[in-house]
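Asks: Build the 3D model from these lines:
(one chain, ligands or ions: 2)
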Amino acid sequence: MGRIIAIANQKGGVGKTTTSINLSASLAAKGKKVLVIDTDPQGNTTSGFGIEKNELENTIYELILGECSIRDCIISNIIKNVSVVPSNVNLAAAEIELIGVDKKEYILKNEVDYVKDDYDFIIIDCPPSLNMLTINSMTTADSVLVPIQCEYYALEGLSQLIHTINLVKERLNPDLRIDGVVFTMYDSRTNLSMQVVENVKQNLNQKVYNTLIPRNIRLAEAPSYGMPINMYDPKSAGAEAYMQLAEEVIKNK
Ligand SMILES: Nc1ncnc2c1ncn2[C@@H]1O[C@H](COP(=O)(O)OP(=O)(O)OP(=O)(O)O)[C@@H](O)[C@H]1O
Ligand SMILES: [Mg+2]
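Replies: Ligands and ions are numbered 1, 2, ... in the order given. A predicted model of the protein is given here:
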């Protein structure tokens, strides 16, 4: 049965999508079957895998509205061992269209239940907010992986995120746990990065992954070629880091 990990932090631009794409591709390179679910109307995970996001008949939007089933919107093996539930800007309207819908917190979970035995890992990229899509992702997930950018305001908003995770756990998904924290855009040349890591370790009583994702220009370039880093530049520091993270995630059962 697949392990379902939501990649979440309501802070924007911390590396959720970069981690979703490259952790998934690295797990796949290690022989794991992976489904990536894009729940962000920005659709960056979708386009990051080279999918033309505005020409899709079925996306997570249709799935959330009950207009298609999950199998109708999965794009299979976009790269070897990676399948994608795509998203695009249409999803931005879902929040409003869900007003008054019964049990709307469980829509994604009910669909993922049909396919979770088909995969070793299901990775859900969350939008930068604590909205109904993020709640759906957390209701679906076994655990939440929190990317934290190595910058001065890193801790800001984390208590709110943890509060949300705890609320979902209490009311919607009793088995939900925090998988761990992963530091992104780490710059070994600056004291700031080191300080952020130390600060978070001291103040946040959570598992911290040993892998530090470096700030690496190749990671920023890869999406414009529609490729994960291990295809775009497998020898880059970014590719190596995400491979190492994948290994840690596999061990962190
Ligand atoms: N390790 C890294 N090194 C260099 N650039 C990075 C790295 N990680 C992410 N980036 C770049 O930083 C920007 C934000 O990253 P990303 O889109 O992954 O964050 P996000 O948390 O998904 O953002 P959003 O909250 O908008 O969904 C992107 O331009 C991305 O290419
Ligand atoms: Mg994103």
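
Asks: residues contacting residue 234?
Replies: For residue 234, no contacting residues are found, by CB atoms under 8 Å, 6 or more residues apart in numbering. All C-beta spots, glycine's among them, are computed from the backbone N, C-alpha and C.

Asks: May I have the predicted confidence score for it?
Replies: pLDDT for residue 234: 98.

Asks: Reduced to three states, what does it come out as?
Replies: Assigned with DSSP: H, G, I helix; E, B strand; the rest coil, residue 234 falls in the coil class.

Asks: Show the contacting residues for residue 35.
Replies: 2, 74, 82-85, 115, 118-119, 121-123.

Asks: now, which of these lie within helices?
Replies: Those of those mapping onto helices are residue 115, per DSSP state H.

Asks: quick one: which of the contacts of residue 35 has the most company?
Replies: residue 123 (29 neighbours; other CB atoms under 10 Å).

Asks: Test of understanding: give the bridge partners of it.
Replies: residue 5, residue 36 (DSSP bridges).

Asks: Quick check: residue 34 touching residue 83?
Replies: Yes. The criterion here is CB atoms under 8 Å, and residue 34 meets it with residue 83 at 7.3 Å.

Asks: and for those two, which residues touch both?
Replies: With CB under 8 Å, 6+ apart as the test, residue 34 and residue 83 both reach residue 119.

Asks: List the beta-bridge partners for residue 85.
Replies: Beta-bridge partners for residue 85, by DSSP bridges, are residue 37.

Asks: so what's it up against?
Replies: Contact analysis of residue 85 by CB under 8 Å, 6+ apart lists 35-38, 59-60, 63, 70, 73-75.

Asks: Also near ligand 1: which of those, exactly?
Replies: With the criterion set as CB under 6 Å from any ligand atom, no member of those is near ligand 1.

Asks: which parts of the stretch 101-250 of the chain sit against ligand 1?
Replies: Residues of the stretch 101-250 of the chain found near ligand 1, taking CB under 6 Å from any ligand atom as the criterion, are 128, 184-185, 213, 215-216, 219-220, 238.

Asks: which of the residues you listed are buried?
Replies: Among those, the ones that count as buried by 16 or more other CB atoms under 10 Å are 128, 184-185, 213, 215-216, 219, 238.

Asks: Filter those down to the ones in helices?
Replies: Of those, the ones assigned to helices by DSSP H are 219, 238.

Asks: what's the closest of the buried ones among the residues of the stretch 101-250 of the chain next to ligand 1 to residue 106?
Replies: Within these, the smallest distance to residue 106 is 22.7 Å, found for residue 128 (CB to CB).

Asks: one step back: now list the buried members of the contacts of residue 85.
Replies: The neighbour-count test (16+ other CB under 10 Å) marks 35-38, 59-60, 63, 70, 73-75 as buried among these.

Asks: just the residues you listed now: which is nearest residue 178?
Replies: Closest to residue 178, out of all of the buried ones among the contacts of residue 85 and judged by CB to CB, is residue 37, at 19.0 Å.

Asks: Next one: the closest one, what pLDDT does it get?
Replies: 98.

Asks: From residue 6, how far out is it?
Replies: According to CB to CB, to the nearest Å, residue 37 and residue 6 sit 9 Å apart.

Asks: Counting by contacts, list what the longest strand seen in the chain packs against.
Replies: The longest strand of the chain (DSSP state E) is strand 177-186. Applying 3 or more CB pairs under 8 Å, 6 or more residues apart in numbering; DSSP states H and E, one finds that strand 177-186 contacts helix 16-29, strand 143-149, helix 158-171, helix 191-203, strand 208-214.

Asks: Pull up the pairing partners for the last one, direction included.
Replies: Strand 208-214 has its sheet partners listed here by DSSP bridges as strand 177-186 (parallel).
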